[in-house]
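> Mind looking at a prediction? Sequence and model below.
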Amino acid sequence: MNEKKKAEIQKKAQDIPDDPKKIAVVGLMAAGKTSLLKTLFRQFDEVLNITPTRKVERSVTEFLHHKLALWDFGGQDRYTLKYLESPDLYFKKIAQLFYVVDCQNSDWIEKSLTYFTNVVDAVKTFSPDANITILYNKIDPDFPNQDIIEKNMSKFREQAHKILNCKGFGYQAYRTSKDVPVWVITAFSKSMLDNPQIFDEISYQLGVFSETHDLDAAIVFTPEGFGLGYHISPKFNAIEIRDLFIKFFTKFEQMYNIMPVINLQFEGLNIYSTRFFLDETSSKLPIYLGFIFSKQIPLEKSVSDLLISLKKKIFLIKN
């Protein structure tokens, strides 16, 4: 790579606000990297019209008190070679690496493992403190041959574990699909938390609340799209879960800017969402609590008690 190109890449990196956490989303072409990001940020309409990412697309968002610089790495061969030729430009100062695997494409599992090995080598050299998450993607509930998915995932997982163990990296791994937003939210959010156990504790608390009040689902999430915990009734299968949350977030997106509390019926569902702030004096760090339920239930009084408890746990995440 010539000096002019290097200077352009360095300039783009400098345009990102001061001291963000660098989040790298990496994988081969068509692995679904951009689709996952669009799903995370509830841009469902855009998922259907995605074109291949060129080079690296950078964007900035926040998660609680953290600024995040998202680097979406294009996966075409001509780009992956450039990244590996100049790893100091692309893999330096990564805080969190998400490696996305297309679990439907049996022909590319070996190729993906080779690229994964090279990426891990570069991260080990230039970002040795990075956290690593593997996203086993395209676990679509209505994919006709689930055995292929399981076989590909098992093959990648076995080798990836050896690679990461050899390099001294711990890691997390999640199943994801653009068709099930709550899986995507969970995978990205838990990976970003210093203490993922708090996500599980909040999820448990939402589960107890949901069972007590006969709710179908509950979720705590930030305006940007990250989650802090959720519960779904075990009576729902993956396709039903997909439909529940897409309906919920579709209506939420339409109304959350103008209504601090949403309580309505939408496409056969009762939807309730309320906004609260971790810093009440300055109205900073808004958090949303949402419920989906089949029966019309008065929730306001019970929710106020739940919010007090949730705030205490979320403060542990924030601080």
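Done, it's in. Numbers count the residues shown, from 1 in each chain.

> D179 belongs to a helix?
No - counting by DSSP: H, G, I helix; E, B strand; the rest coil, D179 is not part of a helix but coil.

> can you give me how far the longest helix along the chain is from the chain middle?
Longest helix of the chain, by residue count under DSSP state H: helix 146-167. Relative to the centre of its chain, helix 146-167 is centred 20 Å away, using Cα atoms, centre = their mean, to the nearest Å.

> and the very next helix or strand once past it, what other elements does it pack with?
For helix 146-167, the succeeding helix or strand toward the C-terminus, using DSSP states H and E, is strand 172-175. Here strand 172-175 touches strand 131-137, helix 181-192, going by 3 or more Cβ pairs under 8 Å, 6 or more residues apart in numbering; DSSP states H and E. Every residue, glycine included, has its C-beta placed from N, CA and C.

> now the longest helix of the chain and strand 131-137, what's the angle there?
170 degrees (axes from the mean of the first three to the mean of the last three Cα atoms, to 10 degrees).

> Just the residues contacting helix 146-167, thanks.
Residues outside helix 146-167 that contact it (Cβ atoms under 8 Å, 6 or more residues apart in numbering): 101, 103-106, 109, 112-113, 116-117, 120-121, 124, 132, 134, 136, 138-139, 143, 170-171, 173, 175.

> And for stretch 125-135?
27, 36, 87-88, 91-101, 120, 123, 156-157, 160, 164, 169-174, 176, 187, 191.

> follow-up on the earlier one: now the longest helix of the chain: buried residues?
For helix 146-167, the neighbour count (16 or more other Cβ atoms under 10 Å) marks I149, N152, M153, K155, F156, Q159, A160, I163, L164 as buried.

> What residues does the nearest residue to A130 once chain neighbours are set aside make contact with?
Spatially, and ignoring its direct neighbours in sequence, A130 is nearest to I94 (4.5 Å; Cβ to Cβ, 6 or more residues apart in numbering). I94 sits next to K22, I23, A24, V123, F126, S127, A130 when contact means Cβ under 8 Å, 6+ apart.

> So which of these belong to helices?
Per DSSP H, the contacts of I94 map to helices at V123, F126.

> and the closest residue to L28 other than its chain neighbours, backbone torsions?
Among residues not flanking L28 along the chain, G75 sits closest, at 4.4 Å (Cβ to Cβ, 6+ apart). Main-chain dihedrals, G75, degrees, to the nearest 10: phi -110, psi 10.

> my read: G75 touches T34, true?
No - contact between G75 and T34 fails when scored by Cβ atoms under 8 Å: they sit 9.6 Å apart.

> And the two? Which one has more around it.
G75 (24 against 21; other Cβ atoms under 10 Å).

> so what's that one up against?
Per Cβ under 8 Å, 6+ apart, neighbours of G75: V26, G27, L28, M29, A30, A31, K33, P52, T53.

> separation between S106 and D179?
From S106 over to D179 the distance is 20 Å, taken as Cβ to Cβ, to the nearest Å.

> Ok, N237 next?
12 Å.

> now M255
24 Å.

> So which of those two has more stuff around it?
Using other Cβ under 10 Å as the criterion, M255 and D179 rank with D179 on top: 22 against 14.

> so F98 sits in a strand?
Yes - F98: assigned to a strand according to three-state DSSP.

> Buried members of the contacts of stretch 125-135 into PyMOL, please.
Command for PyMOL that selects the buried part of these, burial taken from 16+ other Cβ under 10 Å:
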select buried, resi 27+36+87+91+94+95+96+97+98+99+100+101+120+123+156+160+164+169+171+173+174+176+187+191
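
> can you give me the helices in the stretch 1-150 of the chain?
With helices called from DSSP state H, counting those that start in this stretch, the stretch 1-150 of the chain shows them at 3-14, 33-40, 44-47, 77-85, 87-90, 109-126, 146-167.

> Tell me which of the ones you listed lies nearest to K311.
helix 33-40 (23.8 Å; Cβ to Cβ).

> Now the closest one - C-alpha only, PDB.
Only the C-alpha atoms of helix 33-40 are listed here, as PDB (Å, rounded to 0.1, in the frame of the first residue of the first chain):
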ATOM      1  CA  LYS A  33     -22.100  -8.300   8.800                       C
ATOM      2  CA  THR A  34     -23.900  -5.200   7.600                       C
ATOM      3  CA  SER A  35     -27.300  -6.900   7.900                       C
ATOM      4  CA  LEU A  36     -26.600  -7.600  11.600                       C
ATOM      5  CA  LEU A  37     -25.700  -3.900  12.200                       C
ATOM      6  CA  LYS A  38     -28.800  -2.700  10.500                       C
ATOM      7  CA  THR A  39     -30.900  -5.200  12.600                       C
ATOM      8  CA  LEU A  40     -29.100  -4.000  15.800                       C
END
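
> what angle separates it from helix 181-192?
Using the same axes, to 10 degrees: helix 33-40 against helix 181-192 is 100 degrees.

> So Y79 is in contact with D72, correct?
No - the pair Y79 and D72 fails to qualify as a contact (Cβ under 8 Å) at a distance of 11.1 Å.

> what residues are shared contacts of those two?
V56.
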